[in-house]
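1. Fold the stuff below for me.
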Amino acid sequence: MTAETNPTSIGCRDLVSGLADAGVTIAFVSPGSRHTPLVLALAAEERINDISIRDERSAGFMALGWAKATESPAIVVSTSGSAATHYYPSIVEADQAGVPMIVVTADRPLRLRGTSAPQTLDQEHLYTTHVKAFVDIDISAPALTDTAIAAVATATDGIPGPVHLNVPLDEPLTPSALTAALPANPIRRPEQASVVVPDMRNLVEGRRVLIIAGGGQPRRFPAALGRYASALGASIFADPQCRPASDGALRAGDALAGAGMLDRLPPDVVLRFGPLPISKPVATWLTHSGVPQILVGRSRLEDPLVRLGETQLDHIDIDPLDFVASDPRCTADHAYLAEWVAADRAASIALVSALEGSGLTEPLVARTVMEAAPSGSIVFGASSMPIRDLDRFGVARPDVTVLANRGVNGIDGSISTAIGCALTGTPTVAVIGDIAALHDLSGLSELARLQAPLTVVVINNDGGGIFSFLPQRTSAVLPDDLYERHWGTPHGFTLIPIATSLGVTAARVERVDQLRDRLNDGRQPGLVEIQTDRSLNAAVHDTIQQAVSVALAEQTP
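-> Modelled structure (predicted):
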């Protein structure tokens, strides 16, 4: 049977052609045998860049990073069996964070389902509720191009998320001849209907309004939020992922909240966008303040304050970007905005002064990265302390995009996600902890080969630094040796020889100017390691917060 009449080859060709027609341009493919017809179809499709990634877990997070950076889905392709389970962490993150992804898994033939045949498991229910749709593909069926186009539409429309295409394939897996790709037939997506934004005048006109914005927003959101807040006359507490570089966007929001300013300057109403913010003091205040809140956003998940909060919460089911792109048609209490701006100025001066006298601490690393990252770059902050430090100490820049995996707040795949961002051609700086770096060495092993423009800044405090800020560290029931064994988790490694052995240029820096020099170019892959002390870091954070609290107390009449 020639390839032209081989139903498996033709079906895989049609499926891949439909994905390309729908605008997908990249596929992360891991080695194996069962998915051979799919790999051949991808290789023949010139519109899709097929990249081989050894580890499915890493491939999944690269697809996630690509989608975060481009707001369009990537494909991941695996062989059958346990290989497909390795996508699960990235799929969960994509689902929770609303990120589109096309997951294509080869499967054993239908007649072997439910048997103990090699590389066979239940792939129909593999990702359970964490995919928007599951399609079991009959590779000999007609109209697979349409099936693929529909899958991309499902992944991207409404609240984006992952879609799982499962493809049972029978032997022979290698055809006698290759099948040429179909001619391009790109689809034109229908224009979005205009959105009607409700009139907010009776809710916010002349009142003390505070805007609080969580992450996971489109790339155009921060600038639009800044314009909206300026027209309304309201100040903004915003995640680093969506913080505008505008006067009303508080630069020291986390420190202000930590100093109790939300209780000293309480608003009449909070206008919230998206999920809860990274800042724990802000999130805690929102939970217990009792101040009425208006939540603008779309999610398949219920907002936690509906169950945890002690306040009135009204929900407007509109995309936050559509909302802030509108004219508020009203103005808030500008005197209230002026009070927050003055407090932010005093807090920021105190914060910067404390930072400058601290040496190359973890807070100063975060600030330096945001100041020195190349124009037009992406800064990716790993979960745990790096993204929190970018929130507390980083400066907002209109020419730098901040991204993070905050769907389930995991450290999984941090390097791989940043590689996915960098594969768009955008210089990327990843700020990650040592545990996150060790967790994703498979991603680091791909960096030199892919030549992605990524600088990995590893803050090495020999363990889990975030736990130094949590009750486990000071609990009387946890002796030091038990704390260190299960929470501190010291390892004694340096990432320099590990990175070098994987072909990645690596260096340790000890001064701010050295870090700036390493960040200036941003076009070549590399790793920078900064060694810090966990206990000292907690003390530095306390010192900075105390400096801010003193400055605010002195400002109060």
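
2. buried residues in stretch 343-361?
-> Going by neighbour count (16 or more other Cβ atoms under 10 Å), the buried part of stretch 343-361 is 343-344, 346-348, 350-352, 354-355, 360-361. All C-beta atoms are positioned from the backbone trio N, CA, C, and that covers glycine.

3. oh, I was asking about stretch 243-263
-> Under 16+ other Cβ under 10 Å, the buried positions of stretch 243-263 are 243-244, 246, 248-259, 261-262.

4. next one: that stretch to chain centre, how far?
-> Relative to the centre of its chain, stretch 243-263 is centred 22 Å away, using Cα atoms, centre = their mean, to the nearest Å.

5. Double-check that residue 530 belongs to a strand.
-> Yes. Assessed with DSSP: H, G, I helix; E, B strand; the rest coil, residue 530 lies in a strand.

6. So it versus residue 460, what's the distance?
-> Relative to residue 460, residue 530 is positioned 7 Å away (Cβ to Cβ, to the nearest Å).

7. cool, residue 390 as well?
-> 17 Å.

8. same question, residue 412
-> Counting by Cβ to Cβ - residue 412 and residue 460 are separated by 19 Å.

9. before we move on, what about residue 538?
-> 16 Å.

10. between these two, who's got more neighbours?
-> More neighbours surround residue 460 than the other of residue 538 and residue 460, with 22 against 17 (other Cβ atoms under 10 Å).

11. backbone phi and psi for the more buried one, please?
-> phi -100, psi 100 (degrees, to the nearest 10).

12. Do you know the pLDDT at the nearest residue to it once chain neighbours are set aside?
-> Nearest non-adjacent residue to residue 460, counting by Cβ to Cβ, 6 or more residues apart in numbering: residue 434, 4.2 Å away. Per-residue pLDDT puts residue 434 at 94.

13. Just list the residues touching residue 434, thanks.
-> Residue 434 makes contact with 458-463, 491, 493, 495 under the criterion Cβ atoms under 8 Å, 6 or more residues apart in numbering.

14. Quick one: which of these is the most crowded by neighbours?
-> residue 458 (28 neighbours).

15. wait, isn't that residue in contact with residue 532?
-> No. Contact criterion Cβ atoms under 8 Å: residue 458 and residue 532 do not qualify, at 10.5 Å.

16. Residue 272: which element?
-> Residue 272 belongs to strand 269-273 when elements are defined using DSSP states H and E.

17. where does residue 122 fall, helix, sheet strand or coil?
-> From three-state DSSP, the assignment for residue 122 is coil.

18. Give me the neighbour count for it.
-> Residues lying near residue 122 (other Cβ under 10 Å) number 9.

19. if I pick it, what's in contact with it?
-> 113-114.

20. Break down the stretch 51-200 of the chain into its helices, ranges please.
-> 56-70, 82-85, 88-97, 144-156 (DSSP state H, counting those that start in this stretch).

21. how far off helix 144-156 does the third one point, in degrees?
-> In terms of direction (axes from the mean of the first three to the mean of the last three Cα atoms, to 10 degrees), helix 88-97 departs from helix 144-156 by 60 degrees.

22. show me where pLDDT drops low in the chain?
-> Residues of the chain meeting the criterion pLDDT under 70: 1-5, 556-557.

23. So what does residue 458 look like in phi/psi?
-> Note on residue 458: its backbone torsions stand at phi -100, psi 120 [degrees, to the nearest 10].

24. beta partners of it?
-> residue 432, residue 529 (DSSP bridges).
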